[in-house]
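Student: Below is the sequence, then the predicted model.
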Amino acid sequence: MKKHYVIFAGLVLMGIFYPRMFPGYLSVAITLLLYAGWATSWDILGGWAGQVSLGHASFVGLGAYFVAVGTSHHEIAPWWAVLMALFAASLVAYLWGRLTFKLKGPYFTLSTIAIAEIFRLVAINEGWLTGGATGVFIMTLPEPFGLDLFSRQVNYYLALAFAAITVLVVMLISRSKFGYQLRAVREDEDSAMASGINPTTVKLKAFMLSGALTALGGGIYAIFLSFIEPHIIFYLLLSVQIALTAIIGGRGTIWGPCIGALLVVGSGEIFRTTFAEANMLIYGLLIMVVVIFMPRGIVGEPARYLIRRVYAKRAQS
C-alpha cells in the first residue's frame, strides 16, 4: 500500500508544476482531472460496491447549479455553495438509494437513467429555480486571498485538488473495514448478510460518498465553464462517459479511473486535432479494442493476472 502513497505524492507534485511546463494546455488538463475525479467518485459505487449507475450527471448538475445559481442569483460565496451542494447530493443519494437499491443488476441501472432524466426535466422547466433551458451565467465571483477564480491556472489547481481528494479517499477506503464490506457486498450480498453486513447500509454509504464527491467536481466545473445549461450538464452522455472512463481503466481499482481518464480524454483530444471528422470512428474503435481484449479494464486485467499467479504459487507450495 505504501507504493500507492508514493505514486500519489509523485503525481501530485508533477501536477503542481504542470502549468509552468505546459501553460498552453491547461483546459485539456482541467477536463482530464475533472473526469479522473468523477470516474473515481463513480467507482466507489459502480466499482467497489458493484452498483452500476448511469445517472451521475445528476450530481455533476447539482454541484454546478448550486454554485451557478447561488453565486449569480443569491450572492452566496462559491465555497458555501459547494458545501450546500455536498449536503444536497448526499441527501439525494440517500433517498435515491432507498428507492432503487431493491432493484438488481440492469434494473437498478435503468432506474438511475430514469431519475437522472427527471432532474434534467426539472432543470429545464422550473425556470424560477434553475434559470430554465437558457441556462445560468456566472458573471462575477469573489477573489479569496486575491485569487481570480475565473483564471485557468486557478481552475487547474482546483481540479487537481478535486482529483487528488477523490483518489486519496479511495486509497483510504481500499484498506479500511468499509472497503472490505464493499467488496463483500459486490461479490455476494447473501454471503455478506450471513457475515453480519447490512448490504443496503453499505451501498447507501457508498452512494452518498460517491454523489457528494461528484457534486464537488460539478461545482468546479461550473466555475471553469462560467455558463451552464441543463441540456449539457444533465445529459445522459455525460453519465455514460463518466462510467465508461472508470470501466475502461478498471473498476474497483485505485488508479483505473485515472488511467481511463487519460485514455478517454487524452485520446479524444489527440484524435480530434489529428484525424478531424474521423476522430469519433477511431475513438470508438479504440474503446472497443480495450473492452474486448481487457474486459476488466487496463488496470484491472493485469491486477487479476498477478493475483492469480500469487494464488497459483501458494497452491504449488
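Tutor: Yes, it's here. Since this is a predicted model, take the numbers as computed values, not measurements.
Student: For the stretch 201-317 of the chain, which segments count as helices?
Tutor: 230-233, 236-249, 256-274, 279-293, 300-316 (DSSP state H, counting those that start in this stretch).
Student: Measure how far the fourth one is from the centre of its chain, please.
Tutor: The gap between where helix 279-293 is centred and where its chain is centred comes out at 21 Å by CA atoms, centre = their mean, to the nearest Å.
Student: Check which helices and strands it is in contact with.
Tutor: helix 236-249, helix 256-274 (3 or more CB pairs under 8 Å, 6 or more residues apart in numbering; DSSP states H and E). Bear in mind the C-beta positions are built from the backbone N, C-alpha and C, glycine included.
Student: among the ones you listed, which is the most enclosed?
Tutor: helix 236-249 (a mean of 23; mean count of other CB atoms under 10 Å).
Student: Which parts of the stretch 101-250 of the chain are strands?
Tutor: With DSSP state E, counting those that start in this stretch, the ranges of strands along the stretch 101-250 of the chain come out as 136-137, 227-228.
Student: Neighbouring strands of the last one in the sheet, and parallel or not?
Tutor: Strand 227-228 sits in its sheet next to strand 136-137 (antiparallel), going by DSSP bridges.
Student: Rounded mean pLDDT for stretch 141-159, please.
Tutor: For stretch 141-159, the mean per-residue pLDDT is 93.
Student: what does that stretch rub up against?
Tutor: Contact with stretch 141-159 is made by 16, 18-19, 26-27, 29-30, 33-34, 37, 71, 77-79, 217, 220, 223-224, 226, as judged by CB atoms under 8 Å, 6 or more residues apart in numbering.
Student: Also stretch 2-12?
Tutor: Taking CB under 8 Å, 6+ apart as the rule, stretch 2-12 contacts L160, A164, V167, L168, M171, I254, W255.
Student: wait, doesn't the fifth one sit right on C258?
Tutor: Spelled out, it's M171. No - using CB atoms under 8 Å, M171 makes no contact with C258, being 11.6 Å away.
Student: picking up where we left off before, out of the contacts of stretch 141-159, which end up buried?
Tutor: Among the contacts of stretch 141-159, the ones that count as buried by 16 or more other CB atoms under 10 Å are 18-19, 26, 29-30, 33-34, 37, 71, 78, 217, 220, 223-224.
Student: Dump the residues you listed into CSV; add distance to A88, secondary structure and pLDDT as well.
Tutor: Formatted as CSV, these follow (distance: CB to CB, whole Å; DSSP: H, G, I helix; E, B strand; the rest coil; pLDDT from 0 to 100):
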residue, distance to A88, secondary structure, pLDDT
Y18, 32, helix, 95
P19, 32, helix, 94
L26, 29, helix, 94
A29, 28, helix, 94
I30, 24, helix, 96
L33, 23, helix, 97
L34, 19, helix, 97
G37, 18, helix, 97
T71, 16, helix, 93
P78, 15, helix, 94
G217, 14, helix, 97
I220, 16, helix, 97
I223, 18, helix, 96
F224, 20, helix, 96
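Student: for the residue positioned nearest the centre of the chain, what are its contacts?
Tutor: Nearest to the mean C-alpha position of the chain, counting by CA atoms, centre = their mean, stands W38 at 1.4 Å. By CB under 8 Å, 6+ apart, the contact list for W38 reads H56, V60, T214, G217, I242, T245.
Student: Find the residue closest to it in space, skipping its chain neighbours.
Tutor: I242 (4.7 Å; CB to CB, 6 or more residues apart in numbering).
Student: Show the contacting residues for that neighbour.
Tutor: So I242 contacts Y35, W38, A39, W42, H56, A57, V60, T214 (CB under 8 Å, 6+ apart).
Student: do the same with Y235
Tutor: A57, R120.
Student: For the closest residue to I233 other than its chain neighbours, give me its contacts.
Tutor: Closest residue in space to I233, ignoring its immediate chain neighbours: G61 at 4.5 Å, by CB to CB, 6+ apart. Neighbouring residues of G61 by CB under 8 Å, 6+ apart: F119, R120, A123, G218, I228, P230, I233, F234.
Student: Which element, helix or strand, includes G61?
Tutor: In this assignment (DSSP states H and E), G61 forms part of helix 57-73.
Student: how about that helix as CSV, C-alpha atoms only?
Tutor: The C-alpha coordinates for helix 57-73 follow below in CSV (Å, rounded to 0.1, in the frame of the first residue of the first chain):
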residue,chain,number,x,y,z
ALA,A,57,-24.6,13.6,-14.3
SER,A,58,-27.3,14.5,-11.8
PHE,A,59,-24.7,15.0,-9.1
VAL,A,60,-22.5,17.0,-11.5
GLY,A,61,-25.5,19.1,-12.3
LEU,A,62,-26.4,19.6,-8.6
GLY,A,63,-22.9,20.8,-7.8
ALA,A,64,-22.8,23.1,-10.9
TYR,A,65,-26.3,24.6,-10.3
PHE,A,66,-25.7,25.2,-6.6
VAL,A,67,-22.6,27.2,-7.5
ALA,A,68,-24.0,29.0,-10.5
VAL,A,69,-27.4,29.9,-9.1
GLY,A,70,-26.0,30.5,-5.6
THR,A,71,-23.4,33.0,-6.8
SER,A,72,-25.4,34.6,-9.6
HIS,A,73,-28.9,34.9,-8.1
